[in-house]
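Asks: take a look and give me a structure for this.
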Amino acid sequence: MKLIFATNNQYKVEEIRSAIGKNTSIEIVTLKEAGIEIDIPEPHETLEENASEKSRRIYELTKTNPIAIGCFSEDTGLEVETLHGEPGVKSARYAGHEKSFEKNIEKLLLKLKGIKNPKARFRTVISLIIDGKENLFEGICEGVIIHYKRGQSGFGYDPVFVPDGSIHTFAEMSVAEKNRFSHRKKATDKLIAYLTQQF
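Replies: Now for the predicted structure:
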């Protein structure tokens, strides 16, 4: 079973492939592998709408292509409790449209200055489309924000996010270790369970 993953983010491809593992019949096809060069916009105000936009756009491009049976996408946001859910759906562009991880973290920590261990969560929404039918799957990871970066792995806000149940940031973990807590892994598990049941 081949599914096109509607993203140009190689970090996300690596995490999704790790979350799925090698012991399933599901194979992920990247946009590059499918010969698709497109930067899909994320213009909406919710993760659900952005995920749907991306999967729908790629589905329309590939629905007659025998390379895969369907496609999926995901959108993820960091939601900080004391900031009323910011940066949320704007996580990737929090400090500007250039999508700078460094500047996003700088802006976040400046807003959280003086607040001890602010609660936060990562939330992922996956949109799967097969035969024109869409299903959504959500994964959430609760944790806290620390005020200085730790670790060299991962991407985005990983260096300042410590998930509940760990003393390490996501950036201090391998992909396999991160999957013990990951919002993206939880959403992917629901995707796999649905595909297993249906096919």
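Asks: only C-alpha atoms for contact and neighbour calcs from this point on.
Replies: OK.
Asks: so Phe181, which of the three states?
Replies: The three-state label given to Phe181 by DSSP: H, G, I helix; E, B strand; the rest coil is coil.
Asks: whoops, I mixed them up, Ile126
Replies: Ile126 ends up strand, using three-state DSSP.
Asks: ok, Glu42 next?
Replies: coil.
Asks: and it, what is it in contact with?
Replies: Glu42 is in contact with Asn50, Glu53, Lys54, counting by Cα atoms under 8 Å, 6 or more residues apart in numbering.
Asks: likewise for Glu86?
Replies: Contacts of Glu86 (Cα under 8 Å, 6+ apart): Leu78, Glu79, Val80.
Asks: looking at the contacts of Glu42, which are in strands?
Replies: Residues of these located in strands (DSSP state E): none.
Asks: CSV for the residues you listed, including pLDDT?
Replies: Output for those, formatted as CSV (pLDDT from 0 to 100):
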residue, pLDDT
Asn50, 96
Glu53, 95
Lys54, 94
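Asks: drop anything exposed from the residues you listed.
Replies: Buried members of those, counted by 16 or more other Cα atoms under 10 Å: Asn50, Glu53, Lys54.
Asks: now, among those, which is nearest to Lys116?
Replies: Among the buried ones among the contacts of Glu42, Asn50 lies closest to Lys116 (Cα to Cα), at 31.8 Å.
Asks: just checking, the closest one touches Arg56?
Replies: No - with contact defined as Cα atoms under 8 Å, Asn50 does not count as touching Arg56 (9.9 Å).
Asks: re earlier: just the contacts of Glu42: which are in helices?
Replies: Asn50, Glu53, Lys54 (DSSP state H).
Asks: which of the residues you listed sits closest to Lys90?
Replies: Asn50 (10.6 Å).
Asks: quick one: contacts for the closest one?
Replies: So Asn50 contacts Glu42, Pro43, His44, Asp75 (Cα under 8 Å, 6+ apart).
Asks: again, only using 6 Å
Replies: By Cα atoms under 6 Å, 6 or more residues apart in numbering, the contact list for Asn50 reads Glu42, His44.
Asks: can I get the contacts of Glu42 in TSV including distance to Glu86?
Replies: Shown next, in TSV, are the contacts of Glu42 (distance: Cα to Cα, whole Å):
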residue	distance to Glu86
Asn50	16
Glu53	21
Lys54	22
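Asks: show me where pLDDT drops low in this structure?
Replies: Scanning the chain for pLDDT under 70 picks out the ranges 23, 66.
Asks: and the strands in it?
Replies: Using DSSP E, strands in the chain cover 2-5, 27-30, 70-80, 87-88, 119-130, 133-145, 161-163.
Asks: dump those to TSV, plus mean neighbour count and distance to Lys107.
Replies: Output for those, formatted as TSV (neighbours: other Cα atoms under 10 Å; distance: least, Cα to Cα, whole Å):
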stretch	mean neighbour count	distance to Lys107
strand 2-5	22	30
strand 27-30	18	31
strand 70-80	24	13
strand 87-88	20	10
strand 119-130	24	15
strand 133-145	18	13
strand 161-163	26	15
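Asks: need those in a markdown table (columns: distance to Arg180).
Replies: Converted to a markdown table, those look like this (distance: least, Cα to Cα, whole Å):
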| stretch | distance to Arg180 |
| --- | --- |
| strand 2-5 | 22 |
| strand 27-30 | 21 |
| strand 70-80 | 17 |
| strand 87-88 | 22 |
| strand 119-130 | 14 |
| strand 133-145 | 10 |
| strand 161-163 | 10 |
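Asks: that's all I had, so thanks and see you.
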